[in-house]
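Novice: Next input, structure requested:
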Amino acid sequence: QVQLVESGGGLAQAGGSLRLSCAASGSLARINIMGWYRQGPGNERELVATISSGGLRNYGDSVKGRFTISRDVAKSTVYLQMDSLKPEDTGVYYCTSRPPWSSDNSWGPGTQVTVSS
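Specialist: Numbering: from 1, shown residues only. Below you'll find the model as predicted:
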């Protein structure tokens, strides 16, 4: 099992930027696919982005071109650079981690991101 700790959430204005970080610990942390999901008010949880240990990235349609996911494999840490923020990006952002052979994610406790118009 992987343990995840997020940081970096907060308040930003529309058009601004925030950077989230997530540190993973556990025996599979370095080889797992890591990512971010979010849940806005009244919305279902949705994919933001994922990244494999080899650097293969996948983004949700609503954030393509604005958000960038990266990771430091040696530190078992994943980052989410969020630029050109919109009020609809508001929500709780969850860090995830799963082995490449599994669909079962470990989840962080979440960090709140609020974007004001």
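
Novice: which secondary structure element contains residue 28?
Specialist: Residue 28 is part of no helix or strand when elements are defined by DSSP states H and E.

Novice: what residue is smack in the middle of this structure?
Specialist: residue 36 (2.5 Å; Cα atoms, centre = their mean).

Novice: which residue sits closest to that residue, ignoring its sequence neighbours?
Specialist: What sits nearest to residue 36 in space, not counting adjacent residues and going by Cβ to Cβ, 6 or more residues apart in numbering, is residue 48, at 4.1 Å. (Each C-beta comes from the backbone N, C-alpha and C, glycine too.)

Novice: Report the separation between that neighbour and residue 59.
Specialist: According to Cβ to Cβ, to the nearest Å, residue 48 stands 7 Å off from residue 59.

Novice: and those two? which has more neighbours close in?
Specialist: Between residue 48 and residue 59, counted using other Cβ atoms under 10 Å, the more crowded position is residue 48 (24 against 19).

Novice: Would you mind writing the CA trace of stretch 12-19 as CSV?
Specialist: Presented in CSV, the C-alpha positions along stretch 12-19 are these (Å, rounded to 0.1, in the frame of the first residue of the first chain):
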residue,chain,number,x,y,z
ALA,A,12,-6.1,31.8,-6.8
GLN,A,13,-7.6,34.3,-9.1
ALA,A,14,-8.9,33.4,-12.5
GLY,A,15,-6.0,33.4,-14.9
GLY,A,16,-3.5,32.7,-12.1
SER,A,17,-1.4,29.7,-11.2
LEU,A,18,-1.0,27.1,-8.5
ARG,A,19,1.3,24.2,-8.1
